[in-house]
Structures are given as C-alpha cells and as structure tokens.
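Asks: no sequence on this one, just coordinates:
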C-alpha cells in the first residue's frame, strides 16, 4: 500500500491496479496470480466481464492475506434496482469466493432505466452490512452525481470513468474533487492508442520509459487511480514500473495537447 490514496470513508486504495476487462475467465486466474506475485495489490473486475470466478481463483492461488489485496467489482445495467442489486452482489461475491469486496460500483448509470438511485441505496445497505467496505459509481456525469448526492446518504468514494490523454475529463475530475470523490481511470491507455504515439514515444525516450509508462505516470501525477489491463507478464511488470521517474512541465503540456474529447466507449447518457 506504499503508493495508495485514502478514500472519503477512510479506507485506502492502491493507486495502480490491474484491470481485467475482456480477459476470459480461464485466463483470469493465471493473470491475477502473476500480477499479485509481481507486486500488484489492486484488482478491478465486474459482473459484465464474466471472469469473477477466475479472479477469485487467482486471488486464492496467490495466497496473500485478504487485507493486503483491494478487490473491486461492479453491478451491471440489467441488475439495477434495490433487491436485484443485492442479489447480483451475492452472486459476484460467491464467484469471487470472498466474504467482502473492498469496492462495489454501479457500472453505468443507465439513465433511461431511471433506477440508479435505488441501486445505489442497495450499495449503501451493503456498506452498512460490511460486505462492501467502500461503494461508488462508474461512468457517472456530474448531473448523475448531482441527483445521487441529493437523494442518497453516502457520497460515493470513487467515480470510475473513461480517462486518457485524448479524453482528459477535466470537468468531471474537478466535480469529483470538489465533492471528495476519487477519480479512477478506465481505458487509461485509450485501448492501445497510446502505444506508438509519436508524442508519447518522444517523452518516453527522454525518461527511458515506454509510451504506456508515460501515460500511467501521467494518471498517477493527476491523482487518478489507474487500472491498465494486460495478460502479458512482461507488460504487467512494465506497467508497474512507473514510480522511479516524474514528468516535467513540458511533458505535461505536450500530453495536454492530445486532448480531443474522443471516447473509445459510449457516452454514459447513451448506454442503457
């Protein structure tokens, strides 16, 4: 937990974790085990990814004390609603083979369903019961958060959003900060777009680092939690090797010029 941030509920989250989106269940166990043995202490999964069972197996294989690993999972859009969310959580917990998760998120607001408030109330219940130590949201715009803050009791600990040099999410990050919500970046490398980018390669060359390492470092210096994904052992290790250099003002300015408001995924208002 040396490189960690404190959430608004007092719990601590490792700032750099492993994302497992699109990693098949049968590969997830080995990938998670390798990451944990290499020093990762934060794993981010979701019901949608259909690999919670493999993640749980990888956690078991690594055999680390439970309180040394931060585990996140999420409720998918088709399980919104108070009772349905509680059932979905039970299923996720059973697949993971855990007694609790460190962070449980609403994966998307799915505003057309208009059920994210009651879904979040289920998360509040899970936190009160100690089965989800922290709770939060993912892909919430400020206007979704406005309603949530007005109609529920607990400020989300985290808002996990698509965030990378081509989509810096300045407004949402500022909103999160103003309300004590930690920003977490998914698709932090823009689904591979960072690899081979001339600007990022040039910055990396000056620091003896790869373009991916430069972007991960950029996230860390912004104060984001960041969860790059890989199944390649060498890349998993490379993504963790980002704590021995720092970007300078010229680096940050060059990266800022990449921002074009371009998403790799859907806008949260459009996904139901």
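Replies: Cool, the structure landed. Computed from a prediction, not measured in an experiment: that's the story for all the values here. Numbers count the residues shown, from 1 in each chain.

Asks: for stretch 183-193, what is the average pLDDT?
Replies: For stretch 183-193, mean pLDDT is 96.

Asks: and for it, what's in contact with it?
Replies: 19, 21, 44, 138, 158-167, 169, 172-173, 176-177, 195, 212, 215-216, 219, 222-228, 264-265 (C-beta atoms under 8 Å, 6 or more residues apart in numbering). For every residue, glycine as well, the C-beta is placed using N, CA and C.

Asks: ok, 6 Å please
Replies: 158, 160, 162-164, 166, 173, 176, 212, 215, 219, 224-226, 228, 264 (C-beta atoms under 6 Å, 6 or more residues apart in numbering).

Asks: for the residue of the chain most remote from its centre, which non-adjacent residue is closest in space?
Replies: For the chain, the residue at maximal distance from the C-alpha centroid (C-alpha atoms, centre = their mean) is residue 206, at 28.7 Å. Counting by C-beta to C-beta, 6 or more residues apart in numbering, residue 251 is the residue found nearest to residue 206 once chain neighbours are left out, at 7.8 Å.

Asks: residues of the helix or strand hosting the one you found that come out buried?
Replies: Using DSSP states H and E, the element containing residue 251 is helix 249-256. Residues 251, 254, 255 are the ones in helix 249-256 that count as buried (16 or more other C-beta atoms under 10 Å).

Asks: so the first one sits right up against residue 203, yeah?
Replies: Yes. Here residue 251 reaches residue 203: they are 4.9 Å apart, a contact under C-beta atoms under 6 Å.

Asks: end to end, how far does stretch 234-245 reach?
Replies: For stretch 234-245, the first-to-last residue distance is 19 Å (C-alpha to C-alpha, to the nearest Å).

Asks: buried ones in it?
Replies: Buried residues in stretch 234-245 (16+ other C-beta under 10 Å): 236, 238, 239, 240, 242.
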